[in-house]
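Asker: with the input below, show me the fold.
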Amino acid sequence: MKALLIPIKDPTNAKTRLADLLSAEERRRLAWAMFEDVSRAVAAARKPDRVVMVTSFAPAVDRARELGWDVLIEESQVSESASVDWASRILSERGFDTVMRLPADLPLVRGADIDELLSIELESPGALLVPSREGTGTNAIIRTPPYLFPSRFGPDSRALHQQEAARVGVECMIVNNPRIALDIDEPADVAHLLEEGGGAQTVAALSEMRAFERLQDVRR
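Answerer: Residues are numbered from 1 along each chain as shown. Below you'll find the predicted structure:
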């Protein structure tokens, strides 16, 4: 069985690299809008046997249950890597042989993107990475079995995941996907989203905040 795992952090201190462009409250709104765009894509996907959220953020728990997702509630959040690895081990114990981690800040992702990745038959043990737009991060990862090697999300996570995979004798398959590659962390990502279009909830939220107009000031 294949699970799609979505980790959600408390957005209180979300997206700090956008602090020159958006206030703390606006960044919280942006994080939620991106989550809603991802939720819409997940609803259109057909390949996951289950969708699972791992979080300790109560509004996200409520929303996940409205969407019919399973929820793993954490007592505390140490890091995204710790959250994903804890959830992956539980899912393995529940009979899932493959887990795909997808972040909640990908406004352009589509259901077809999720289905395409989960349609790739990986030999076990095996792993697949979708790099971030700059090529050094990891925006989606599939592992079979789910706890094959530890998560290393953060700076240079693509190389770190490849190193972890090599330690257990696995070469990661690399799949480039421009929609999954675009997460919104910095003003340049906002500009790229504007150029690409799509991400209805995210673009609407940014438009209400007049973020695109403010972006011109940040660039000067």
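Asker: how about stretch 134-154, which residues are buried there?
Answerer: Of the residues in stretch 134-154, those with enough neighbours to count as buried (16 or more other Cβ atoms under 10 Å) are 137-149, 151-153. Glycine gets a C-beta too; all of them are placed from N, C-alpha and C.
Asker: likewise stretch 39-56?
Answerer: Quick answer for stretch 39-56 (16+ other Cβ under 10 Å): 39-42, 45, 47-48, 51-56.
Asker: can you show me the helices along the protein?
Answerer: In the chain, the helices defined using DSSP state H lie at 24-44, 58-66, 80-93, 111-119, 157-167, 178-181, 187-196, 200-208, 211-219.
Asker: hmm, who's touching the fifth one?
Answerer: If I follow you right, that is helix 157-167. 127, 129, 131-132, 135-138, 141, 148-152, 154, 171-172 (Cβ atoms under 8 Å, 6 or more residues apart in numbering).
Asker: keep only those of those residues that are in strands.
Answerer: Counting by DSSP state E, the part of the contacts of helix 157-167 found in strands is Ala127, Leu129, Pro131, Thr138, Ile141.
Asker: what stretches of this protein score poorly on pLDDT?
Answerer: Filtered on pLDDT under 70, the chain yields the residue ranges 218-220.
Asker: number of nearby residues for the closest residue to Ala204 other than its chain neighbours?
Answerer: Leaving aside its sequence neighbours, Ala204 sits nearest to Ala33 (Cβ to Cβ, 6 or more residues apart in numbering; 7.1 Å). By other Cβ atoms under 10 Å, the residues close to Ala33 number 23.
Asker: ok, now Gly199?
Answerer: Counted with other Cβ under 10 Å, residues neighbouring Gly199 total 26.
Asker: that one touches Ala41, doesn't it?
Answerer: No - counting by Cβ atoms under 8 Å, Gly199 sits too far from Ala41 to count as a contact (9.9 Å).
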